[in-house]
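Undergrad: 3D, please:
(2 chains)
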Amino acid sequence: SISATAMLTAYAQHGQIQDSRAIFEQMPQKNIVSWNAMLTAYAEHGDHLEVERLSTRMPELDLVSWTTMLTAYAEEGLTLKANSVFEQMPEKDRVAWTAMLRAYVLAGNLEYARWTMERMPEWDTVAVTTMLAAYAAAGHMDQAEGLFSGLEEHNPVLQTAMLGAYSVTGDMLEAKCVFDGMVSKSLVSWNSMLSAYAQHGNAFQAKQIFDETPERTAVTWIAMISAYAHNGHLREALLVFHEMNTFNVFLDEVCFICALHACNHVGKTTAARSCFVSMSFDYHVVPTKRHYCCLADLMARAGHLRDAEELVLNMPFVPE
RNA sequence: CCGGAUGGAACGCAAGCG
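TA: Just a heads-up that it's a prediction; the model follows:
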């Protein structure tokens, strides 16, 4: 039963929702964890209706079930439904409170989010980080700083959120100060510092972080490539892209959007085409609308209007 | 006896429209 649940989750995380449902249905005895895993699978698949249907069939619901339902609603923007789940929960832990807080953040309602945080029986660092990041994204630096300085314990996630907040306002000295003051830095911290420089036109300092970081993830590479691309160093951008290809990096769809964009500015139509083909054949990344958009834009700018038109007409999406 | 499966926080990207 434990291994079946693990398999169910693995299939779901690879988008094979029907396979994971098949495993679930064939399980001889289902416990609360397997039911919850199936709920999570549908929640991540964006299918709140199936989450709802499944939950009515469950022999019992626990904190995990309730919170999964709450999050499923929240991520589809159904804040009222999320709240009604929350209100009906027989007991609430800090995970549930934070999920509700985040539901309001997703709805853009920072007042309710804050009110939810204030009502928590005990403040929790995850909840505060959620709130801080929301304030930062909305440009309320004073509020973000207030939360940050009000806490005694600063963990790496919270500090990275604060670093990102300073990056939003372009306060690079403060951002670097938080970064340097961190006792332990995660890869996300390194990437955040790199992106902060990248987004503020400092390709040189971005490159320094790029060279110093203990490990490079897909995010690291993309941030570096776009740091160059945004500042007119298109040759460097393409060089880094090629370097990335020689490492064993897991390339996701965003990598290719970024590469296509760099090709676009250099006017390398051929490179872009081969990149587009290689994406599906070598990396099994399914092209999305955004990739077609990039490539069509590139071909049009290069004067290949007929090719661009053909691409748009033949793409597996409805053109907008 | 112990361990193993499920829920909450921080990082990257194009175009268009304002």
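
Undergrad: quick one, helices of the stretch 1-150 of chain A?
TA: A:2-13, A:17-26, A:32-44, A:48-57, A:63-75, A:79-88, A:94-106, A:110-119, A:125-137, A:141-150 (DSSP state H, counting those that start in this stretch).

Undergrad: got TSV for the ones you listed, with distance to A:Glu310, mean pLDDT and mean neighbour count too?
TA: For glycine as for every other residue, the C-beta is placed from the backbone atoms N, C-alpha and C. Shown next, in TSV, are the helices of the stretch 1-150 of chain A (distance: least, CB to CB, whole Å; pLDDT from 0 to 100; neighbours: other CB atoms under 10 Å):
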stretch	distance to A:Glu310	mean pLDDT	mean neighbour count
helix A:2-13	36	92	16
helix A:17-26	34	94	15
helix A:32-44	36	95	21
helix A:48-57	38	94	15
helix A:63-75	37	96	23
helix A:79-88	43	96	17
helix A:94-106	39	96	22
helix A:110-119	47	96	16
helix A:125-137	40	95	21
helix A:141-150	49	95	16
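
Undergrad: The ones you listed into TSV, with extra columns for distance to RNA strand B?
TA: Output for the helices of the stretch 1-150 of chain A, formatted as TSV (distance: least, CB to the nearest atom of the strand, whole Å):
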stretch	distance to RNA strand B
helix A:2-13	3
helix A:17-26	11
helix A:32-44	3
helix A:48-57	11
helix A:63-75	4
helix A:79-88	11
helix A:94-106	3
helix A:110-119	10
helix A:125-137	3
helix A:141-150	11
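
Undergrad: Tell me which of those lies nearest to A:Thr220.
TA: Closest approach to A:Thr220 among the helices of the stretch 1-150 of chain A (CB to CB): helix A:125-137, 20.4 Å.

Undergrad: just checking, what packs against the closest one?
TA: Judged by 3 or more CB pairs under 8 Å, 6 or more residues apart in numbering; DSSP states H and E, helix A:125-137 is in contact with helix A:94-106, helix A:110-119, helix A:141-150, helix A:156-169.

Undergrad: Looking at those, which is nearest to A:Asp62?
TA: Nearest of the helices and strands packed on helix A:125-137 (CB to CB): helix A:94-106, 11.0 Å.

Undergrad: How about residues contacting that closest one?
TA: Helix A:94-106 has contacts (CB atoms under 8 Å, 6 or more residues apart in numbering) with A:63, A:66-67, A:70-71, A:73-75, A:77, A:79, A:82-83, A:86, A:89, A:110, A:112-113, A:116-117, A:119-120, A:122, A:124, A:126-127, A:130-131, A:134.

Undergrad: Now do that helix and helix A:63-75, the angle between them.
TA: Calculated by axes from the mean of the first three to the mean of the last three CA atoms, to 10 degrees, helix A:94-106 forms an angle of 0 degrees with helix A:63-75.

Undergrad: Let's see helix A:94-106 as CSV, backbone CA atoms only.
TA: What follows is helix A:94-106, C-alpha atoms only, in CSV (Å, rounded to 0.1, in the frame of the first residue of the first chain):
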residue,chain,number,x,y,z
ARG,A,94,-0.3,26.1,11.1
VAL,A,95,-0.2,24.6,7.6
ALA,A,96,-3.9,25.1,7.2
TRP,A,97,-3.6,28.7,8.4
THR,A,98,-0.8,29.4,6.0
ALA,A,99,-2.6,27.9,3.1
MET,A,100,-5.6,30.2,3.8
LEU,A,101,-3.3,33.1,4.1
ARG,A,102,-1.8,32.2,0.7
ALA,A,103,-5.3,31.9,-0.8
TYR,A,104,-5.9,35.6,0.0
VAL,A,105,-2.5,36.5,-1.4
LEU,A,106,-3.3,34.7,-4.6
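
Undergrad: Tell me what angle that helix forms with helix A:79-88.
TA: Using the same axes, to 10 degrees: helix A:94-106 against helix A:79-88 is 160 degrees.

Undergrad: Now find how far off-centre helix A:94-106 is within its chain.
TA: 17 Å (CA atoms, centre = their mean, to the nearest Å).

Undergrad: returning to that earlier point: what about the helices of the stretch 1-150 of chain A, which gets the closest to A:Leu238?
TA: helix A:125-137 (31.5 Å).

Undergrad: What angle do helix A:156-169 and the closest one make with each other?
TA: Going by the same axes, to 10 degrees, helix A:125-137 makes 10 degrees with helix A:156-169.

Undergrad: pLDDT below threshold where in the stretch 201-320 of chain A?
TA: A:262, A:265-267 (pLDDT under 70).

Undergrad: which parts of it sit against RNA strand B?
TA: A:217-219, A:222-223, A:226, A:230, A:252, A:254-255, A:257-258, A:261, A:264, A:290, A:293-294, A:297 (CB under 7 Å from any atom of the strand).
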